[in-house]
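A.B. asks: Return atomic coordinates for the entry below.
(2 chains)
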Amino acid sequence: MARRIWNVESGSQTLEFVALIPMVMLVLLLMLQLALTGYSLVVVETSVREAALAAAQAREDEDPETKARNTAIAMAGGIKVTVKSVECVDGNATVTLQGEIPNVLFDPGLTFDRSATMPTPEGRCW
Amino acid sequence: MKRLLLRVQQEERASTALTLMWFMVAALLFAIGLDAFLGIYITHQQLRTAGIAAANAVTRAITDEAVLPPAVEKEAARRVAAVKDEAQEEIDDILDLLACDDDDEYCVPLTADDIKRIKIQAYRNAFYDLYHDQLDRDMAEKMVEGTWDQEPAHVKMNKLIPDDGDLACLIRDAAHAKESFIRSEAARLAEANGATLERITLLDNDGWNVVYVSQPVKPFGAAWLFPNADYPKLTVNQLSRIRQFGGGRTPQWSSSC
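C.D. replies: Numbers count the residues shown, from 1 in each chain, chains lettered A, B, ... in the order given. I've put the predicted structure just below:
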């Protein structure tokens, strides 16, 4: 009986496909996750750079934190970013953003922090 | 052995699995390539941030209180001394010409205001002869009164160094004289953004500063590839330029100074 089943080839391709498709899907999801991670890192890097520049160049009548937040959100595209801190020490403005990597497998996504420091034009803090 | 190989070749079972396995191997290779690409690209983006910060720091350092104002003060003092020296002969000649002889009872002696006016005009003439530009009347008056050096640096810069080409040369000289200070400021900002300052080129013929910053490229899994932590380094350059400062002065950059 077992020998007969072993020798029958009909349906073997379907069986193989069903057995392997979860692995294929997993590989595809991991690749998608890798691409999303890279995209998030690049977008948050650009956002934090522009936010730090905006904060550093804020005029006296502007709130640097609001300026940094607005710039970061405008630059972030579809990536969720949160301004964690905006500070100025020794004439250099530092903005720290928390970015969220969209996760295709779990919710919520992973978060990471990224900071950028830019010199204020006059070397003075707000 | 030959029969076994023949049988394996003719075996049709597991062909789908084999195809899918090949697909996964290809996907894995693609993922490794994507990981390397993203590692380089993200490092490049981080270096751009560090480069912009360092380049802005260079621009700020040049116009900083420690670099440009002292150079302006020095150049202003040199120019005032040169103008006074150049004008002295003209002043002496005019004063001699207008001086009253003791026996000339109709001669009206020069008042202090007259002498001041003569000096002001002589200073302005001398300034034009030396620097081919107009000396501001208020500044000439302050030179006569001896109060010109109490003016702030930006006023001295605007009134005693009115030519934008001269200003560009002054900035360039001042920057080169204080290169180590400027370099340390740029290095500080590069390090604050996680990069290392490699080198800077200050104020070329077109007034551009160029900073070079570097950072090791560490994609996911790089520690396994480089166990001795000798990661490849990526270097990015960034330009910055002083366009307008000190109340609307625009340095005219050129190769001739």
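A.B. asks: Number of residues surrounding residue 73?
C.D. replies: I went with chain A, as the question did not name one. Per other CB atoms under 10 Å in any protein chain shown, the neighbour tally for residue A:73 reads 17. From N, CA and C alone the C-beta is placed, and that goes for glycine too.
A.B. asks: My question was about chain B, not that one.
C.D. replies: By other CB under 10 Å, 14 other residues sit near residue B:73.
A.B. asks: For the residue nearest to it when sequence neighbours are not counted, give me its contacts.
C.D. replies: Spatial nearest neighbour of residue B:73, excluding adjacent residues (CB to CB, 6 or more residues apart in numbering or on different chains): residue B:153 at 6.0 Å. Contact analysis of residue B:153 by CB atoms under 8 Å, 6 or more residues apart in numbering or on different chains lists B:68, B:69, B:72, B:73.
A.B. asks: ok, and the closest non-adjacent residue to the residue nearest the centre of chain A?
C.D. replies: By CA atoms, centre = their mean, the mean C-alpha position of chain A lies nearest to residue A:40, the distance being 2.5 Å. Using CB to CB, 6+ apart and skipping the chain neighbours, the partner closest in space to residue A:40 is residue A:101 (4.4 Å).
A.B. asks: Before we move on, what's the pLDDT of the one you found?
C.D. replies: We note a pLDDT of 92 for residue A:101 in this prediction.
A.B. asks: beta partners for it?
C.D. replies: Counting by DSSP bridges, residue A:101 is bridged to residue A:110.
A.B. asks: List the contacts of it.
C.D. replies: Residues near residue A:101 by CB under 8 Å, 6+ apart: A:36, A:37, A:40, A:41, A:109, A:110, A:111, A:112.
A.B. asks: Am I right that the fourth one is in contact with residue B:42?
C.D. replies: Yes - with contact defined as CB atoms under 8 Å, residue A:41 reaches residue B:42; the gap is 5.0 Å.
A.B. asks: tell me the secondary structure for the spatially most central residue of chain B?
C.D. replies: Closest residue to the average C-alpha location of chain B: residue B:59 at 3.9 Å, with CA atoms, centre = their mean. Following DSSP: H, G, I helix; E, B strand; the rest coil, residue B:59 is assigned to helix.
A.B. asks: where do the helices sit along the chain?
C.D. replies: This is for chain A. Assigned helices in chain A, in chain order: A:2-7, A:12-56, A:64-75 (criterion: DSSP state H).
A.B. asks: that's the wrong chain, I meant chain B
C.D. replies: B:2-10, B:15-62, B:68-98, B:112-131, B:137-145, B:153-160, B:164-177, B:179-192, B:222-225.
A.B. asks: The ones you listed into JSON lines, with extra columns for mean pLDDT?
C.D. replies: Formatted as JSON lines, the helices of chain B follow (pLDDT from 0 to 100):
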{"stretch": "helix B:2-10", "mean pLDDT": "81"}
{"stretch": "helix B:15-62", "mean pLDDT": "91"}
{"stretch": "helix B:68-98", "mean pLDDT": "92"}
{"stretch": "helix B:112-131", "mean pLDDT": "92"}
{"stretch": "helix B:137-145", "mean pLDDT": "91"}
{"stretch": "helix B:153-160", "mean pLDDT": "89"}
{"stretch": "helix B:164-177", "mean pLDDT": "92"}
{"stretch": "helix B:179-192", "mean pLDDT": "96"}
{"stretch": "helix B:222-225", "mean pLDDT": "84"}
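A.B. asks: Dump these into JSON lines; add distance to residue A:89 as well.
C.D. replies: Below are the helices of chain B laid out as JSON lines (distance: least, CB to CB, whole Å):
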{"stretch": "helix B:2-10", "distance to residue A:89": "69"}
{"stretch": "helix B:15-62", "distance to residue A:89": "14"}
{"stretch": "helix B:68-98", "distance to residue A:89": "24"}
{"stretch": "helix B:112-131", "distance to residue A:89": "42"}
{"stretch": "helix B:137-145", "distance to residue A:89": "39"}
{"stretch": "helix B:153-160", "distance to residue A:89": "26"}
{"stretch": "helix B:164-177", "distance to residue A:89": "25"}
{"stretch": "helix B:179-192", "distance to residue A:89": "10"}
{"stretch": "helix B:222-225", "distance to residue A:89": "32"}
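A.B. asks: Among these, which comes closest to residue A:117?
C.D. replies: Relative to residue A:117, the nearest member of the helices of chain B by CB to CB is helix B:179-192, separated by 3.9 Å.
A.B. asks: before we move on, the earlier item: how much space is there between the residue nearest to residue B:73 and residue B:161?
C.D. replies: 11 Å (CB to CB, to the nearest Å).
A.B. asks: Quickly list what's touching both of those two.
C.D. replies: residue B:72.
A.B. asks: which residues touch the residue nearest to the centre of chain B?
C.D. replies: By CB under 8 Å, 6+ apart, the contact list for residue B:59 reads B:209, B:240, B:241, B:242.
A.B. asks: 6 Å instead?
C.D. replies: Neighbour list for residue B:59: B:240, B:242 [criterion: CB atoms under 6 Å, 6 or more residues apart in numbering or on different chains].
A.B. asks: Kindly report the same for residue B:239.
C.D. replies: B:208, B:210.
A.B. asks: The same query, at a cut-off of 8 Å, please.
C.D. replies: Contact partners of residue B:239, counting by CB under 8 Å, 6+ apart, are B:55, B:208, B:209, B:210.
A.B. asks: Which residue is the nearest non-sequential neighbour of residue B:179?
C.D. replies: Of all residues beyond its chain neighbours, the one nearest residue B:179 is residue B:202 (6.2 Å), with distances taken as CB to CB, 6+ apart.
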